[in-house]
Each structure stands twice: as structure tokens, then as C-alpha cells.
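Visitor: Let's see this in three dimensions:
(2 chains)
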There are 2 protein chains.
Amino acid sequence: MERTKFRLDEKDMPTSWYNILPDLPEPLPSVLHPGTGSPVTPDDLAPLFPMGLIMQEFSPEHYIDIPEEVQEIYRTWRPTTLHRAHRLEKALDTPAKIFYKYEGTSQAGSHKPNTAVAQAYYNKKEGIKRIASETGAGQWGSSIAFACALFGLELKVYMVKVSYNQKPYRRIMMETWGANCVPSPSPDTKAGRDMLATDPDCPGSLGLAISEAVEDAATREDTHYSLGSVLNHVLLHQTIIGQEAMKQMEMANVYPDIIVGCIGGGSNFAGMFLPFVKDKIEGRKPDLRIINVEPTSCPTLTKGLYAYDFGDAAGMTPLLKMHTLGHAFIPPAVHAGGLRYHGMAPIICHLHKLGLVEARAVPQVATFEAGVTFARAEGIISAPETNHAIRAAIDEALKCKESGESKTILLAHSGHGHFDMAAYESYLSSKLTDYEYPEEKVKEALAHLPGAPAA
Amino acid sequence: MERTKFRLDEKDMPTSWYNILPDLPEPLPSVLHPGTGSPVTPDDLAPLFPMGLIMQEFSPEHYIDIPEEVQEIYRTWRPTTLHRAHRLEKALDTPAKIFYKYEGTSQAGSHKPNTAVAQAYYNKKEGIKRIASETGAGQWGSSIAFACALFGLELKVYMVKVSYNQKPYRRIMMETWGANCVPSPSPDTKAGRDMLATDPDCPGSLGLAISEAVEDAATREDTHYSLGSVLNHVLLHQTIIGQEAMKQMEMANVYPDIIVGCIGGGSNFAGMFLPFVKDKIEGRKPDLRIINVEPTSCPTLTKGLYAYDFGDAAGMTPLLKMHTLGHAFIPPAVHAGGLRYHGMAPIICHLHKLGLVEARAVPQVATFEAGVTFARAEGIISAPETNHAIRAAIDEALKCKESGESKTILLAHSGHGHFDMAAYESYLSSKLTDYEYPEEKVKEALAHLPGAPAA
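Guide: I've put the predicted structure just below:
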């Protein structure tokens, strides 16, 4: 019998996170203070984050120990399983070998708890009582709610209003874990009130919800802010995925030719590929391909400008050098899943500029088609985000069928789609449509970028 | 560090199911043919089930090999993890040790695939092309849809109409896996049409949906019927849970003093406790307590009569000796979760009569209170069904706090509640109410029992 599953013992779970920063061939562009235009200092960030996380954001260390308290909680669902997709390979009739690392068995159903638990831990350790955060469809909000419940932290989540109204189940999940969740824009912050005054029916956006959560944290002594993607320390925490996957691929006696994953802010996929990209940087695996997959309706890495921009809509955050669609970006109404952030993790953008990773945009109907193929072959109903990665994995496997090559494809599977059945229904009843974000709208949005140093 | 998780290697997954039938101190009462009143023969059942399953229903063998094809699929999510609930123990401040065996990481999110995969396999092997089945809230329907997708079988699911309308997500899940799902009563069967003629607004019941699926299977050459609980072969397939748990409890160097689980038809909990009850039957563990937990609104084992009754509403099935609320039972409208079947697995009823297992009914508000405590301590949001078991586990742990005893409690955790957030919302907003099914209604319903030999 060929093995279908590769599992690590609990004792073989990595005990440190991998930090790419000192291994980058060129240093990452600095984060800038929007007032001065100078690089931000740890003190600038102290009102928002605990020093434990701020130090990680700039750390020169190659590995950072995972605190025992975080390991203990990781071990409630980790190490996660690496699967060989024998059934999918057979359904596609491809000589490619497809592996997927499945993060959907966490208590929140996705990879997000990998960083949520770490962030809650460092805040708790530094005496913080309360966290403010934002969420789009709710995958991040539910994960930080889970983590705050375990550490006894109070939590307020600003949830993008259109999702708050259309997708109540993730909100109830947050409330079950004890969090307070309000629709954004809310009357609870200046950023929210300003928007409501301009447009009382504003559906909200991730950028605006971030503004509200940042303002909440910045104006309360007992409160810090927590972000579920984009920042260096978030990607750092997710490297537990890639480090486990490396060991598991060794168990399977293979090394990937291609790694694919979906990107919204980029933390799940970076968590997978960063330990592998080190092999590419250091010349051991020059031919390794790393494919970042995003929606054509939010084509940050494929169409956005690589420039300094705010992380939020209201312009309250430091300036990040990243691919961006402009911080006022609001995803088109037809867009069904997550992956709807206007920016992208600076580490991913930097690696992209250095030619170490690729980017690809896929239309959403094709992603659900891939998701249904995967569900009927492998049995897992995947999150709409993950379906982007599955689409690319299937496309690469089909290319192998054409060429006769037996490439090894490693898929970062970020979570299950049990909260996304309405999107599947739209697909199954042929109501889902594609949308290509137009170049002109990108250009128009980018005209509003702040007067910060350009690329 | 104390261990929180006990995982078996794939190679240590049990390779046979445990069959309690030959170990029972008294033989199980026969299943009767409703026409003749005589015990049914394998041939009587052949229009509905493949011979592989029929033979299991009556088997005198102590162990039955799990076919390699079934093992291969089991291994995509099994062995499941046994957790030590350190955090819950701490939250309750109890000296009790609480362990839970978590079945929520299967692709369908519950224990149901353990038997769905086996049933699909034997049907496929015997040349059947199509399965007809029923589902209430959809946990079983989605699991048999998952299994039929993997074996390439066509599936039609009759879903209780009130759930079909109120809980579309499980239906979409079935459709994603390729199944055809219709509301029951449906115009597609005589049983459905008769009910619609009497009451066009009938909300449906599990018993009626079973009638429709049985009729569908009985009237089509290419189709068999599939049931997700109650029958001996279903419980047999679930014993993979208890056999794994035994090995894992050995890893933890403990043996349970108390095993708790929820019962609707009884398959999940019997799957857990049957391998342990053998130790009690054979005198090795005379003090082991096994507590079956059911809702006060569907109190089959605590208030139902132990008598012969039909498995379905229309009276199409053979007669089973079981505790029953009468086959015309319709659960009260306030009832939020599953566990709504009028009868109970004959094996459990027989063990209950022999004094080998206990029964307890709990009101639903208290079950959600327990579920929220569990979610905030252990991080897992559980199915409403499972919350019944959690309630009893917490109550036993609190008794230990009173008495100072350090008992070991093993909880059968049947699955996650990610499809049940509306019920959590009702609880969190104090809209959920309790309901005690009245004795008079039980007596009234039982007056309609068929003229079969009584208890």
C-alpha cells in the first residue's frame, strides 16, 4: 500500500519559528512613519503591540523559540497532517504527485490560530487585558476569539458590515468564544463615525475595519491591536506549517518541484514556503517554483503597484512597501471568498521583486470548479480561499499530464469551507460570476497614495 | 509537561470491527417480520441491503475484518486523537481526569463517516449503483454523500423538510459531494404523497423520511437503502472509535471509571463503549459506569417503552425490540439539535435492560451552557448533540469536586458544531427553552404500536 498520510509525532513538532529576515539576499525595505517619512522604531509601535511581537518584527535571529505555553496549545491540534492526494491524481489522470498540508483541523478550521495563539500569549504576558482586531468574512476574527478565550483576554472585533450581515455564523462563533463583535463601520470609533456620516450605508472594507481596530487600541491603555496577516511576525508564526511540511516531505522521500498557495495578506502561504525558499536563496534548490495565487478580482501581486501605502483605509498605520491596489480598495460585490486585502505581506512582495517567487491570478468560477473536483476526489470541502491554490495545483498537474512529467506539487491547504456553503451554492446553481479588476481602477486608486517615497 | 494528546500511528489503527453479539450475556431479541411476526431472514432484508452488511447484522464472529479499501479511506482522517481536557478540568477546579475522543476532524465533521464509508463500500462491491437514505439536520446525509462521492455511487437523500428549509448548508454540502437532496415529505414516493395529501404543510420527521428512502430502495432494482444509526452493523462499524480509545487510554496509563456519550439512534456512543462493556460483561471491570445521555425533549431510553416497534413512520421496516416513543413521534419545535429519533439501537436497549449501561436525560439549555464552557476551555465548538455528553461529563466532574474523588471520565465527542451556529445564537441570546416530553404523550403514542409481541 502506498502511504496517503504523513504525520509527525507531537515530540517532532518544531519548537522554534523560522525567521527569513536575516536570510534575505537584500534587506527588506523599512516600514516608514507616515508623519516623518523615517523608519519606524520599536517605540513607535508600542501603543499597538507587545514588545515581544515588535522585536520579532525586526529580529535578526534565524530562529525564535516558541514559548512553552504556545507549544502547549499548538499541540491541541498540531502537528497537522500532510496528505498525498492519490485520489485526486487518479481523477486527473496525471503523473504528477500532489501533496497537501491540511490546516483545517484546528479548532477554528484554518491556519489562523497559529499566529492568534502566539499574539494572545505575548499580549497576556505583557499585562494587556483586551485586544481590538478586525475581520472580513470572519476566519481571522474567529481565530483570535479562540486564542483570547484560552488566555482569558477580552476581545473586540470590528467585522466588515457586509459580512456581518450576510455571514452571521462566524460572528456567533466569536461570541461563543466570548468575544464582542460589531459591524464596521461602527459608531464606536472616529474612523467609523466619519464614514457613517459620509455614507450611512457603507458596506465596509477590511481597510476601514483595520482603521477602527487600530484607533480602538491606540486610544485605550489596556488594549492592544492584533492583525491576522501581512506583518513579519504573523508570517513568522505561520512558519510552523512549512517546517512541519519539510519534515513530512522527507518522510515521503520527496522534495517539491512546485509549491502553491493562496494569498490574501499572504501569511498562510508564506508560512508554508519560507522554510523552502531558504533552500532556493542558498542555491540548493535553484529550480524550485513557488506560485502565489490570488483572485482576478483582487489582483494585488499581479496588478498592484509596488509602492509605499497604508495598511488601512483611514491612513492610521505606518507605511509599508508592498504591492497595493490602493488603501481605499473595496472588493467587487461578486467576490465570494476571502483574499480581499488591498495590500500584501512586504516579505512576499520583496521575494517577488527578487524573482524568488511567482504570482498568478485566477477567476473565481474556476476556483470553485477545482474545489468541487477536490471535494469529490479527496473528500474535503475547502475554503473558497484554498480553492485558489487547488486551481493552480490542478492546472500544474494537468500540465504534467500533457508533458508526461512526474512533478511533485505541494499545496498549502489553509482550511475547510464549512462556513462557506452559501458560496458553493452560488457556484452549483451557476450564479457565481467572474470579475477582472480593471487596470484603470488600479491606476485611479493609486493616484491617492500618500506622498511617501515611491518604489 | 503532562500530555494533552494521545495519537495512534496509522499502523496501529484497528484492522477489524468488534462485534458484541456473541459476547452478550443473553442473546439480542430477534428482529421480526411485520407480516408474519417471525424473525426476519437475510433474504427478507436483501432488497434493502447488500449481503455483506446483512451478514454483519447477524454475525456470530467476535471480530470482522475491515476491508482494505475501507481502511484506506479511514486512514485519510483516522486514527482520531484522544485529548486530555486539562483546561476544562482546571476551569471546573475538579480532581477528575477528563479525556475526550474527538471525531470532528473527519471530512464531514463527525463520526458518521465511519459507517458511511463501510456501507458505500459493500454496496459498491455488490454492484449497486445508487443509494437512497434520509437525514434530519444533515449530519448523516452529508456523511453518506461524502462516502458515495469516494466510491462513485449515485445518492438520493430525503431530508426532513423543516431542516431542509432552515438549515440549507448541510444540503449544499451534500450537493457539493454530488448527491441529490429533496425535502421530505416529497412527491417522489407514495409515503410522501400520502402525507402531503393529509397535511401539505407537514414539517416532516425522521421516521417519515426513512419511510420514503426505504420505499425508494425497495422499488428500484439498482438502489439500496442506507441507515446511519440504530442497526447492529452500523454500531459495529463505529467500534473503530472505542478500540482506538482503548489503546489510547493505555498510552495514558488509565482506564475509565465513567464513559459518557450522547444517543440519538445510539451508534456513536455504542461505537465508543462496546469494546469497554466487554470488560464489564466478562467481570474484569465490574464498576465501570456507562452513561447514555439523551434530551428531555426526546427521552427514548429514559421514558420510552421497551417494545417492538417499526423503525419508520409509515410502518415499512421490520419490527425492532427497542425503547420507543412510538413511530409517529415528532420532536417538539423548541428542540434545537439532533438526537430526535423515536427509537434506539436494540443493542443499547438490551444492555440497558441487562443493567450494563445507564441512561440520563438532560434539558437543552444546560447542554449549551456546558458546550460554551467546553468551547472556552478546550477551544472546540461542539455539535449540539455532543453538548449532551459534555453536560454529563461536567456534572460527573463536579460530583468529583464535591466528593474529592479523582475519577477518570471518558467522553465520546462526536463532532464539531460549525453547522450549528444558529442554535448557539439562540442560546447566547437566551431564546432557547427547555421542554420535557410529557409521560401522557408517550403513553398516547404507544397505544398506536403494531400488534406485535410486546416486551
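Visitor: Smallest distance to chain B belongs to which residue of the stretch 1-150 of chain A?
Guide: residue A:107 (4.0 Å; Cβ to the nearest Cβ). For the C-beta atoms, the positions are set from N, CA and C on the backbone; glycine is no exception.
Visitor: Give me the phi and psi for residue A:61.
Guide: The phi/psi pair for residue A:61 (degrees, to the nearest 10) reads phi -70, psi 140.
Visitor: Please name the nearest non-neighbouring residue to it.
Guide: Leaving aside its chain neighbours, residue A:61 sits nearest to residue A:19 (5.8 Å; criterion: Cβ to Cβ, 6 or more residues apart in numbering or on different chains).
Visitor: coming back round to it: in which helix or strand does the residue of the stretch 1-150 of chain A closest to chain B reside?
Guide: Here residue A:107, judged by DSSP states H and E, is contained in no helix and no strand.
Visitor: Am I right that it is in contact with residue A:74?
Guide: No: using Cβ atoms under 8 Å, residue A:107 makes no contact with residue A:74, being 11.4 Å away.
Visitor: which residues are common contacts for those two?
Guide: Residues touching both residue A:107 and residue A:74 (Cβ atoms under 8 Å, 6 or more residues apart in numbering or on different chains): there are none.
Visitor: on that earlier part again, look at the residue of the stretch 1-150 of chain A closest to chain B and report its pLDDT.
Guide: pLDDT for residue A:107: 96.
Visitor: Can you give me every residue that contacts it?
Guide: A:76, A:77, A:113, A:146, B:378, B:379, B:380, B:381.
Visitor: what's the closest of the residues you listed to residue A:329?
Guide: residue A:113 (27.0 Å; Cβ to Cβ).
Visitor: Now do the contacts for that closest one.
Guide: Taking Cβ under 8 Å, 6+ apart, one finds A:77, A:106, A:107, A:143, A:146, A:147 in contact with residue A:113.
Visitor: what kind of secondary structure is the first one in?
Guide: Residue A:77 falls in the coil class when you classify it by DSSP: H, G, I helix; E, B strand; the rest coil.
Visitor: For it, which non-adjacent residue is closest in space?
Guide: That would be residue A:106: by Cβ to Cβ, 6+ apart, it lies 4.6 Å from residue A:77.
Visitor: Against residue B:105, how distant is the one you found?
Guide: Between residue A:106 and residue B:105 the distance is 10 Å, computed by Cβ to Cβ, to the nearest Å.
Visitor: More neighbours: these two, which one.
Guide: Neighbours were counted for residue A:106 and for residue B:105 using other Cβ atoms under 10 Å in any protein chain shown; residue A:106 has more, 26 against 21.
Visitor: quick one: the more buried one and residue A:79 touch, right?
Guide: No: here residue A:106 does not reach residue A:79: they are 11.6 Å apart, not a contact under Cβ under 8 Å.
Visitor: Name the nearest residue to the residue in the stretch 251-400 of chain A that chain B sits nearest to, sequence neighbours excluded.
Guide: The minimum distance from the stretch 251-400 of chain A to chain B, using Cβ to the nearest Cβ, falls at residue A:379 (4.0 Å). Spatial nearest neighbour of residue A:379, excluding adjacent residues (Cβ to Cβ, 6+ apart): residue B:107 at 4.0 Å.
Visitor: about what we covered before: single out whichever of the contacts of residue A:107 has the smallest pLDDT.
Guide: Lowest pLDDT among the contacts of residue A:107: residue A:76, 91.
Visitor: what about the host helix or strand of residue A:399, near chain B?
Guide: For residue A:399, the element it lies in under DSSP H and E is helix A:384-403. No: Helix A:384-403 stays clear of chain B (Cβ under 8 Å from any Cβ of the partner chain), getting no nearer than 11.4 Å.
Visitor: Could you tell me the average pLDDT over that helix, please?
Guide: 98.
Visitor: Mind checking what helix or strand follows it in sequence?
Guide: Under the assignment DSSP H and E, the closest C-terminal helix or strand after helix A:384-403 is strand A:408-413.
Visitor: Measure how the next helix or strand along the chain from that following strand sits relative to helix A:384-403, angle-wise.
Guide: Counting by DSSP H and E, the next helix or strand C-terminal to strand A:408-413 is helix A:421-428. For helix A:421-428 against helix A:384-403, the angle by axes from the mean of the first three to the mean of the last three Cα atoms, to 10 degrees is 40 degrees.
Visitor: residues of helix A:421-428 that come out buried?
Guide: Judged by neighbour count (16 or more other Cβ atoms under 10 Å in any protein chain shown), helix A:421-428 contains these buried residues: A:421, A:423, A:424, A:425, A:426, A:427.
Visitor: which helices and strands does the helix or strand just after it pack with?
Guide: Scanning forward in sequence from helix A:421-428 by DSSP H and E, the next helix or strand is helix A:439-446. For helix A:439-446, the packing partners by 3 or more Cβ pairs under 8 Å, 6 or more residues apart in numbering or on different chains; DSSP states H and E come out as strand A:305-310.
Visitor: And the strands in the stretch 251-400 of chain A, which stretches?
Guide: Here the stretch 251-400 of chain A has its strands, by DSSP state E, counting those that start in this stretch, at A:258-262, A:289-295, A:305-310, A:319-324, A:358-362.
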